[in-house]
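Trainee: build me a model:
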Amino acid sequence: MARIEFDRLHKQFPGQPQPAVNDLSLEVADGELLVVLGPSGCGKTTALRMLAGLEDPDAGDIRLDGRSVVGLEPRDRDIALVFQQYALYPHLSARDNILYPLKVQKMPRAERLGRVQRVADQLGLGRLLDRKPGQLSGGEQQRVALGRAIVRQPKAFLMDEPLSNLDAKLRTHMRTEIKALVRELGTTTFFVTHDQAEAMTLADRIAVMSAGRLQQLGTPDEVYAHPANLFVAEFIGSPPMNLLPVAQEHGALVTATGWRLPMPAGLDGTNGDLTVGLRPEAIRLSREPVPDGQPAQVFLTEPLGSEVIVNVRLGGALLKVRTDPQVRPRPDDVVYLTADPAGVRVFDSATGASLVAPMPATAGAAA
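Mentor: Numbering: from 1, shown residues only. Next up, the predicted model:
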């Protein structure tokens, strides 16, 4: 196992106007599963490739257990990679694919066969070891790729969108398998994805990136409940956070339609334009008028089995409200909205920064 540190890491590719990674500082604790999350082009894979030794940083340092690895060859870093493309040798059996790194290390045959068998049993591959990749399903191929990484017993796993090529059902299953496996092995894991569901379900902590910069580092609950800025608020959550411009008026936040929302503590007197954020579950919907309820018109409903997302029009905005499965208002019905005071988040409209007091920092937070 290993502690991973990025210290003011910077990388800019020739011909590109903006850095791929810009002043990135974060620490991955020994045994932690950190998920780096962001849209395409945000710098997450570039950060992983620099950690792996496949790209050189322009500035900054990368340390494993306090030792700088900048300039070291990938083979000298004691890490194992799992890619989006499984990169299996098609002419080799599953056994030989898993065994290959140990063969390169010139490990004695009996020892490497024993280790491969233990890893195969751990991954449920015992009966498939004699098959070649073309005879395996996508999920089985991904397990073989994981086995090839695990068998080395590295200090850290680096996983670059390893589930992207799987169908939705198999992706969900493999998320569970990977989380259980990493927890069992206790190996430090740096997992890159653009899929927020993967990030929320897998991570001990999430590092959210955009345009090469770290936007927020925290547990899944922290980044969901207390987004650091408008980018995180909109990127995390399905559906994302509802955002509305508001003005301050006599201790309340007031929308353009006159909806009065409770002011979080410590914000009274804040200057500048404000944006309020409400998660879909932080809005209560009533079919009948209620005290301080804001009338809104139903646009459509999205039944999802265990819940219903009701889309309502409020002035020029379209809000999403999460409700119980039996709540099924019809289009054009008038409903009444109230906000959960604990769910109100406020942002500076100009900078995007959250104006609500942040949650306490967790160990290994960004420098």
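
Trainee: for the protein, what spans make up the helices?
Mentor: Listed in chain order, the helices of the chain (DSSP state H) span residues 44-52, 94-104, 109-122, 138-150, 168-185, 196-202, 220-225, 230-235.

Trainee: where does the stretch 201-350 of the chain have low pLDDT?
Mentor: Counting by pLDDT under 70, the ranges of the stretch 201-350 of the chain that qualify are 268-269.

Trainee: what segments of it are strands?
Mentor: Listed from the start of the chain, the stretch 201-350 of the chain has strands (DSSP state E, counting those that start in this stretch) covering 205-210, 213-218, 242-249, 252-255, 260-262, 274-278, 283-286, 294-303, 308-314, 317-323, 334-339, 345-348.

Trainee: so which of those is the most surrounded?
Mentor: Comparing the strands of the stretch 201-350 of the chain on average neighbours per residue, with mean count of other C-beta atoms under 10 Å, the densest one is strand 205-210 at a mean of 25. For glycine as for every other residue, the C-beta is placed from the backbone atoms N, C-alpha and C.

Trainee: against which helices or strands is that one packed?
Mentor: Contacts of strand 205-210 with other secondary structure elements, assessed using 3 or more C-beta pairs under 8 Å, 6 or more residues apart in numbering; DSSP states H and E, are made with strand 33-37, strand 213-218, helix 220-225, helix 230-235.

Trainee: follow-up on the earlier one: tabulate the strands of the stretch 201-350 of the chain (TSV), appending distance to Gly31.
Mentor: Shown next, in TSV, are the strands of the stretch 201-350 of the chain (distance: least, C-beta to C-beta, whole Å):
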stretch	distance to Gly31
strand 205-210	12
strand 213-218	17
strand 242-249	37
strand 252-255	42
strand 260-262	41
strand 274-278	33
strand 283-286	39
strand 294-303	39
strand 308-314	37
strand 317-323	35
strand 334-339	40
strand 345-348	32
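
Trainee: tell me which of those lies nearest to Ser137.
Mentor: strand 205-210 (29.4 Å; C-beta to C-beta).

Trainee: what distance separates the closest one from the centre of its chain?
Mentor: Using C-alpha atoms, centre = their mean, to the nearest Å, we find the averaged C-alpha position of strand 205-210 to lie 6 Å away from the chain's own average C-alpha position.

Trainee: neighbouring contacts of that strand?
Mentor: Among residues not part of strand 205-210, those counted as contacts by C-beta atoms under 8 Å, 6 or more residues apart in numbering are 26, 32, 34-39, 42-44, 47, 199-200, 214-220, 223, 231-232, 235-236, 362, 364, 366.

Trainee: just the buried members of the residues you listed?
Mentor: In terms of neighbour count (16 or more other C-beta atoms under 10 Å), the buried residues within those are 26, 32, 34-38, 42-44, 47, 199-200, 214-218, 220, 223, 231-232, 235-236, 364.

Trainee: out of the strands of the stretch 201-350 of the chain, which comes closest to Ala80?
Mentor: When the strands of the stretch 201-350 of the chain are compared by C-beta to C-beta, strand 205-210 sits nearest Ala80, at 20.2 Å.

Trainee: what pairs with that closest one, parallel or antiparallel?
Mentor: Strand pairing for strand 205-210, determined by DSSP bridges: strand 33-37 (parallel), strand 213-218 (antiparallel).

Trainee: among those, which is nearest Gly126?
Mentor: strand 33-37 (25.7 Å).

Trainee: the closest one to helix 168-185, inter-axis angle?
Mentor: Using axes from the mean of the first three to the mean of the last three C-alpha atoms, to 10 degrees, the direction of strand 33-37 lies 140 degrees away from that of helix 168-185.

Trainee: gap between strand 33-37 and the chain center?
Mentor: 6 Å.

Trainee: need the contact partners of it.
Mentor: Taking C-beta under 8 Å, 6+ apart as the criterion, the residues outside strand 33-37 that touch it are 4, 26, 28, 44, 47-48, 179, 182-183, 189-196, 198-199, 202-209, 235.

Trainee: angle of that strand against helix 44-52?
Mentor: Counting by the same axes, to 10 degrees, strand 33-37 lies at 140 degrees to helix 44-52.

Trainee: check contacts around Asp195.
Mentor: 37, 161, 163-164.

Trainee: count the residues that sit near the closest residue to Leu9 other than its chain neighbours.
Mentor: Using C-beta to C-beta, 6 or more residues apart in numbering and skipping residues adjacent in sequence, the residue nearest Leu9 is Gly60, 3.7 Å away. By other C-beta atoms under 10 Å, 17 other residues sit near Gly60.

Trainee: same deal with Lys106?
Mentor: Applying other C-beta under 10 Å, I find that Lys106 has 7 neighbouring residues.

Trainee: rewinding a little: and the contacts of Asp195, which is closest to Asp273?
Mentor: Using C-beta to C-beta, Leu37 comes nearest to Asp273 of the contacts of Asp195, at 28.1 Å.

Trainee: the closest one pairs with what?
Mentor: The residues listed as beta-bridge partners of Leu37 by DSSP bridges are Thr193, Val208.

Trainee: okay, now the domains of the protein?
Mentor: Per the record's domain assignment (automatic domain parsing), the chain is made up of the domains 4-229, 232-348.

Trainee: hey, which of those domains is tucked in deepest?
Mentor: Among the domains of the chain, domain 4-229 has the highest mean neighbour count (mean count of other C-beta under 10 Å), at a mean of 18.

Trainee: quick one: end-to-end length of it, please.
Mentor: 26 Å (C-alpha to C-alpha, to the nearest Å).
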